[in-house]
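J.: Here you go, sequence then predicted model.
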Amino acid sequence: GVPSPYNVDAYNPTDLYFLNCEFRGRWKWFSWHPTYDNYNVAAKNLFEIKHAKRVLLEACVFHETGVDAQAGYTTVFKTASQYGGTQVRADITQDVQMLDCLHYDCQGVWSVQGSPNPQSGIPNDRHHLINCLFHTINKQPNTASGYVTSIQNGSTNITVERITHVLNGGDTPQGCITVSGGACNNIKMTDCLIPIGQYGIFGQGASAEGTAALDLKWGSYQFTRNALNRQATGARAPSQAAASKYPAGNFFPVNETAIDYVNLGGSSITDFALKPSSPYYAAGANGAPLGCDIARLATRVAGVISPG
C-alpha cells in the first residue's frame with residue numbers, strides 16, 4: 001500500500017517557480033525521426049504535473065517533443081496518481097500558471113486533464129495559460145497528432161487568453177480542442193488563434209462539435225474573440241462547420257495565410273506577430289491584436305534557447 005505520509009495534503013509539492021527555463025527533448029530519441037541514433041528515450045510529454053499547488057512557469061521555452069507512448073504534449077496539467085494506481089489525498093493539482101512561454105517543434109501543445117481526486121473530491125483546478133506562442137506544430141515527420149489542445153475530465157476554473165497556435169507547415173490536426181470525460185466548469189478561452197482541425201472543438205463520446213460540445217462538456221464557459229482557421233495541409237480536411245455551430249463572437253479565417261502574420265513560414269518569434277493589415281489586428285480585448293503579444297514574449301524569452 002501507499003505509505004501513510006502520502007495520504008496527507010501537506011505532502012503535495014507547493015510554491016514552485018520556473019523562470020527562463022528551457023525544456024527540450026531531442027529528435028534523435030524518437031525511433032520514427034530521421035535523426036534517430038538507435039537509443040530510444042521515451043520522453044512522452046516535456047513538462048507534466050500530476051500533483052502540485054501554486055506553480056508558475058514564466059518566460060520558459062519548450063521544444064522538440066512528439067508521440068512516444070503518449071501524445072507528446074509540451075505541457076500537461078493534471079490530477080493523477082504518481083504511482084499508477086488509486087489516487088491518494090496528496091494527488092491534487094491546483095493553481096498552475098503559464099505566462100509568456102514559447103513552444104515550438106512539437107506534436108501536441110497543452111493539455112488540462114485529470115478527474116477530481118476520489119479521496120477529497122477536489123478537481124484539477126484554477127489554471128491560467130496566458131500570452132504564449134506555439135508554432136511549427138504537427139510538422140513532418142512529427143505528424144501523429146490527435147488534438148492540438150484539451151480541457152477535459154472535470155477540470156474547473158481554467159483561463160486561456162492570448163495564445164497563438166501556428167501549424168506553420170504542419171499537417172491539419174485531428175481537431176483543435178478535445179473535450180471529454182466528466183463535465184468541466186467555469187472555462188474561459190478568449191483572444192486566441194488556433195487551427196480548427198478536422199473535427200474542430202469536439203466532444204469525445206458525444207459526436208458533438210462546437211457549441212454542442214462545449215455545452216455538454218464545459219458547463220459554464222466563455223469562448224469568444226477566437227480565430228479558428230481552416231488550414232488544410234496533409235491528409236486531413238479541416239472542419240467546414242458553419243460559424244453558427246460555434247458560440248457567437250468568434251472568427252473563421254479560411255487558412256493561416258488569411259490571418260496575415262508578418263512572416264508565416266518563418267522561425268523567429270517576431271515572424272508570428274500580426275501585420276497592421278490583418279483583419280484580427282484590432283479584434284482582441286480593448287482593440288488589441290488577437291493572440292500572443294509577440295513583442296512582449298520575444299523580450300521575455302531572449303537568451304533562453306540553448307544552441308545546438
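T.: Arrived safely.
J.: Please look at residue 195 and residue 176 and confirm they touch.
T.: Yes - using Cβ atoms under 8 Å, residue 195 is in contact with residue 176, at 5.9 Å. C-beta coordinates here come from the backbone N, C-alpha and C atoms, glycine included.
J.: more crowded one of those two?
T.: Comparing residue 195 with residue 176 by other Cβ atoms under 10 Å, the one with more neighbours is residue 195, at 30 against 25.
J.: which ones are touching that one?
T.: Listed by Cβ atoms under 8 Å, 6 or more residues apart in numbering, the contact set of residue 195 reads 137, 148, 165, 167, 172-173, 176, 228-231, 238, 256.
J.: Filter these down to the ones in helices?
T.: Per DSSP state H, helices hold no members of these.
J.: In CSV: those, plus distance to residue 44 and pLDDT.
T.: Below are these laid out as CSV (distance: Cβ to Cβ, whole Å; pLDDT from 0 to 100):
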residue, distance to residue 44, pLDDT
137, 17, 87
148, 17, 87
165, 21, 95
167, 22, 91
172, 24, 85
173, 18, 85
176, 22, 88
228, 28, 96
229, 28, 94
230, 30, 93
231, 27, 91
238, 27, 90
256, 28, 96
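J.: Would you list the buried entries among those?
T.: Among these, those classed as buried by 16 or more other Cβ atoms under 10 Å are 137, 148, 165, 167, 172-173, 176, 228-231, 238, 256.
J.: Where does pLDDT dip in the stretch 151-300 of the chain?
T.: In the predicted model, the stretch 151-300 of the chain carries pLDDT under 70 at residues 206.
J.: And the pLDDT for residue 19?
T.: On pLDDT, residue 19 comes in at 97.
J.: Dump the C-alpha coordinates for stretch 51-64 into CSV.
T.: Output in CSV follows, covering the C-alpha atoms of stretch 51-64 (Å, rounded to 0.1, in the frame of the first residue of the first chain):
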residue,chain,number,x,y,z
HIS,A,51,0.2,16.7,-8.1
ALA,A,52,1.4,20.2,-7.2
LYS,A,53,0.0,23.5,-6.0
ARG,A,54,0.9,27.1,-6.8
VAL,A,55,3.2,26.5,-9.8
LEU,A,56,4.5,29.4,-12.0
LEU,A,57,6.0,28.7,-15.4
GLU,A,58,7.2,32.2,-16.6
ALA,A,59,9.2,33.1,-19.8
CYS,A,60,10.2,29.4,-20.4
VAL,A,61,10.8,27.7,-23.7
PHE,A,62,9.6,24.2,-24.7
HIS,A,63,10.6,22.4,-27.9
GLU,A,64,11.3,19.1,-29.7
